[in-house]
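Trainee: I would like the atomic coordinates for the input below:
(one chain, ligands or ions: 2)
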Amino acid sequence: MSAYDDIHARSLSDPEAFWAEAAEGIHWERRWDRVLDDSRAPFYRWFPGAVTNTCYNALDRHVEGGRADQLALIYDSPITGAIERFTYRELRDRVARVAGVLAEAGVEKGDRILVYMPMVPEAVIAMLACARLGAVHSVVFGGFAASELAVRIDDATPKVVLSASCGIEPGRIVAYKPLLDEAIEIATHKPAHCVILQRPQLEADLVEGRDLDWADAEASAEPHPCVWVEATDPLYILYTSGTTGQPKGIVRDNGGHLVALNWSMRNVYGVEPGEVYWAASDVGWVVGHSYIVYAPLIHGNTTVLFEGKPVGTPDAAVYWRVIAEHDVKVLFTAPTAFRAIKREDPAGELIQPEQIAGLRALFLAGERADPDTVQWAEEQLGVPVIDHWWQTETGWPMCANPAGIELMPVKHGSPTKAVPGWDIRVLDDALNEVAAGDIGALVAKLPLPPGSLPTLWQAEERYREAYLEEFPGYYKTGDAGYIDEDGYVYVMTRTDDVINVAGHRLSTGQMEEVLAAHPDVAECAVVGVADDLKGQTPLGLLVLNAGVERDNAVIEGEAVRLVREQIGPVASFKTAIVVGRLPKTRSGKILRGTVQKIADCEEYSTPPTIDDPAILPEIAEALRSAGYAGG
Ligand code: COA
Ligand code: AMP
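Mentor: Numbering: from 1, shown residues only. Ligands and ions are numbered 1, 2, ... in the order given. Okay, the predicted model is just below:
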């Protein structure tokens with residue numbers, strides 16, 4: 001039996017023993033009554049009765065345990081030219097003061113705090129300060145529009161918002177504060193205070209009585225100690241796209257999350273405490289939560305916070321410069337970043353071998369890793385390139401080639417095998433397991449391991465309906481794929497309306513809701529079409545109300561602007577096309593899959609349930625004239 005087989009089998013045959021052993025790596029102020037509470041199955045809780053604090057485990061424990069002068073955080077911002085380094089002691093001290101700011105603003109254990117920040121050290125400090133108080137943070141990605149922010153404010157009802165005056169994108173400064181003010185204006189819930197970090201690139205106006213200047217407040221605050229919380233208390237809420245405009249508030253607990261992330265650093269990523277680990281993502285996404293902020297710090301690593309892009313800040317060599325300058329051992333990013341680099345530097349001429357000599361592995365996730373990109377990265381970097389599969393919901397990888405246990409032979413197109421703790425199966429509609437190689441729904445057998453979502457924020461019924469109902473006894477991932485005869489998992493496509501744009505998860509259903517609100521639009525469909533750089537990009541088809549005589553191009557432009565204003569630039573919604581009608585089944589279901597295949601020049605068959613087959617050539621023609629479908 002291989003090391004992987006042995007550990008994976010143990011993790012499934014006796015999960016309580018397996019995770020109790022892993023939990024020894026964490027400080028518990030009080031130990032658990034039970035490792036796993038299955039009394040409310042299919043709702044499970046890990047480490048009930050235990051008391052701990054995530055910030056204590058991420059910072060104070062290391063300061064007290066000999067890492068006080070080790071670097072905890074390196075902020076590297078090619079977009080502003082700044083590089084700053086924080087030891088564990090320095091980071092702990094700043095976090096304790098910001099926790100003091102929050103406490104003085106009346107924040108207590110269990111209160112929610114919304115964090116709307118660019119990639120600056122204060123974003124990490126904000127998250128850890130919430131954890132220190134037992135307050136529940138909800139970080140919102142900077143690329144979302146005010147109305148998206150408002151939806152999250154109303155759902156999480158934060159007492160305080162932590163934000164900054166601006167973010168910086170290549171070629172433009174994004175004024176965050178007016179977006180925040182607008183969001184608070186739209187939202188029904190009004191936070192009591194906003195603490196605003198003034199960045200020199202663009203200062204913001206503060207609202208008297210409500211807004212506090214971050215620097216002033218931090219300078220005068222008393223450091224606050226860690227507040228002990230239950231292992232099962234929520235650490236954060238992270239909203240992610242579902243099928244509708246109402247995002248899902250994924251809840252993460254404290255105890256299970258600490259245990260799983262700590263375990264994953266050595267076993268999945270193969271890093272030792274003290275080493276430098278870099279996840280080139282954004283704190284607004286789950287990758288940023290788990291692998292920029294929490295896991296590296298919990299495990300005693302040095303984490304890199306990168307405010308830049310893989311290309312254009314200033315060029316496609318920036319990743320190699322960062323790796324060399326900070327002695328990065330493991331890099332984690334999305335395939336789209338490597339596609340961007342490859343496009344700028346196809347022959348890898350900007351990669352100097354001595355700059356990446358210390359790098360041991362590249363991990364890719366967030367979207368399907370296309371074999372071309374994986375192969376290019378393997379050839380250019382000369383290190384294992386590890387595709388791994390996970391989701392906001394799971395918090396850490398479900399499938400990977402576990403570098404710290406055993407590197408198995410790579411099969412391009414597969415994120416290898418189920419990570420210990422995860423029992424991944426493929427089921428058909430009748431809930432039967434399919435044969436090796438057959439496609440079906442990818443599911444994980446319950447109970448899910450620690451670290452994965454216990455519920456949705458104040459929506460347990462929605463959690464059950466969305467994830468647990470369709471396949472009783474299993475968690476539905478929403479992905480379809482297959483497992484081959486060697487146990488390698490292949491993740492092929494989503495089974496819902498979610499598309500993946502540059503590693504960002506977006507809902508086509510949500511975009512349709514926005515488009516349908518345009519006064520001239522009678523109905524619409526949004527599909528994800530293939531894109532060389534971003535993997536997929538959204539494309540909207542619009543059918544106008546009878547009698548509308550305005551120019552189609554004007555309406556198309558308004559539709560594009562509407563999505564940008566309502567959802568945000570992150571949606572990358574650049575094309576809407578007016579068509580005469582949409583292809584539908586006889587029961588009225590829009591044939592989005594067929595539209596997508598036509599747009600991508602894939603072979604398609606006319607669905608037998610189609611209402612009128614003559615419409616497909618019409619759609620193909622409309623798509624061709626807009627540059628799709630081979631046009
Ligand atoms: N705040 C405000 N706007 C933001 C933003 C932020 N934090 N992040 C992105 N945006 C904007 C971009 O400026 C862009 O706006 P534009 O339409 O005016 O150009 C839009 O949102 C789309 O952004 P993105 O999809 O990231 O495309 P891009 O063209 O700016 O960059 C890549 C393309 C590939 C370089 C970029 O996606 C990237 O670096 N990806 C790395 C992978 C990653 O971080 N994945 C996250 C999950 S692991
Ligand atoms: P998110 O919740 O934003 O992390 O997005 C999760 C979704 O991204 C998954 O459900 C998959 O559809 C997709 N995804 C993530 N990692 C991979 C991968 N390695 N291969 C294929 N798809 C992936």
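Trainee: quick one: the strands in the stretch 101-250 of the chain, in order.
Mentor: Assigned by DSSP state E, counting those that start in this stretch, the stretch 101-250 of the chain shows strands spanning 112-116, 136-139, 160-164, 166-169, 172-175, 193-197, 211-213, 229-230, 234-240, 248-253.
Trainee: okay if I get those as a markdown table plus mean neighbour count and mean pLDDT?
Mentor: All C-beta spots, glycine's among them, are computed from the backbone N, C-alpha and C. As requested, those are exported to a markdown table (neighbours: other Cβ atoms under 10 Å; pLDDT from 0 to 100):
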| stretch | mean neighbour count | mean pLDDT |
| --- | --- | --- |
| strand 112-116 | 26 | 98 |
| strand 136-139 | 25 | 98 |
| strand 160-164 | 27 | 98 |
| strand 166-169 | 21 | 97 |
| strand 172-175 | 13 | 96 |
| strand 193-197 | 24 | 98 |
| strand 211-213 | 18 | 98 |
| strand 229-230 | 24 | 98 |
| strand 234-240 | 24 | 97 |
| strand 248-253 | 24 | 97 |
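Trainee: CSV for the ones you listed, including distance to P447?
Mentor: Converted to CSV, these look like this (distance: least, Cβ to Cβ, whole Å):
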stretch, distance to P447
strand 112-116, 27
strand 136-139, 23
strand 160-164, 34
strand 166-169, 39
strand 172-175, 41
strand 193-197, 38
strand 211-213, 43
strand 229-230, 18
strand 234-240, 18
strand 248-253, 13
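Trainee: could you dump these to a markdown table with distance to ligand 2?
Mentor: Shown next, in a markdown table, are those (distance: least, Cβ to the nearest ligand atom, whole Å):
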| stretch | distance to ligand 2 |
| --- | --- |
| strand 112-116 | 18 |
| strand 136-139 | 13 |
| strand 160-164 | 22 |
| strand 166-169 | 20 |
| strand 172-175 | 21 |
| strand 193-197 | 26 |
| strand 211-213 | 31 |
| strand 229-230 | 25 |
| strand 234-240 | 5 |
| strand 248-253 | 8 |
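Trainee: which ones are touching T508?
Mentor: Neighbouring residues of T508 by Cβ atoms under 8 Å, 6 or more residues apart in numbering: D497, V498, I499, V526, V527, G528, P538, R592.
Trainee: and stretch 24-42, average pLDDT?
Mentor: Averaging pLDDT along stretch 24-42 gives 98.
Trainee: show the end-to-end separation of it, please.
Mentor: Terminal residues of stretch 24-42 lie 26 Å apart, using Cα to Cα, to the nearest Å.
Trainee: ok, stretch 154-161 next?
Mentor: In stretch 154-161, first residue to last residue: 12 Å (Cα to Cα).
Trainee: what residues does A150 make contact with?
Mentor: By Cβ under 8 Å, 6+ apart, A150 lies in contact with E182, A183, I184, I186, A187.
Trainee: try it again with 7 Å
Mentor: By Cβ atoms under 7 Å, 6 or more residues apart in numbering, the contact list for A150 reads A183, I186, A187.
Trainee: same thing with P450?
Mentor: Per Cβ under 7 Å, 6+ apart, neighbours of P450: W19, W46, G256, V259, A260.
Trainee: thinking again about what came up before, can you list the contacts of A150 in CSV and add pLDDT?
Mentor: What follows is these, written out as CSV (pLDDT from 0 to 100):
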residue, pLDDT
A183, 98
I186, 97
A187, 98
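Trainee: name the nearest of those residues relative to G366.
Mentor: A183 (25.8 Å; Cβ to Cβ).
Trainee: burial count for the closest one?
Mentor: A183 has 26 neighbours, counted by other Cβ atoms under 10 Å.
Trainee: got the residues of the stretch 301-450 of the chain near ligand 2?
Mentor: A365, G366, E367, R368, A369, D387, H388, W389, W390, Q391, T392, P415 (Cβ under 6 Å from any ligand atom).
Trainee: out of these, who's the most crowded?
Mentor: The most crowded member of those, judged by other Cβ under 10 Å, is W389 (29 neighbours).
Trainee: Q566 and A295, how far apart?
Mentor: 34 Å (Cβ to Cβ, to the nearest Å).
Trainee: now, which of the contacts of A150 sits nearest ligand 2?
Mentor: A183 (21.7 Å; Cβ to the nearest ligand atom).
Trainee: what sits against that closest one?
Mentor: A146, L149, A150, I153.
Trainee: hmm, L179 and the first one touching each other?
Mentor: Pointing back at A146 there. Yes - counting by Cβ atoms under 7 Å, A146 touches L179, with 4.7 Å between them.
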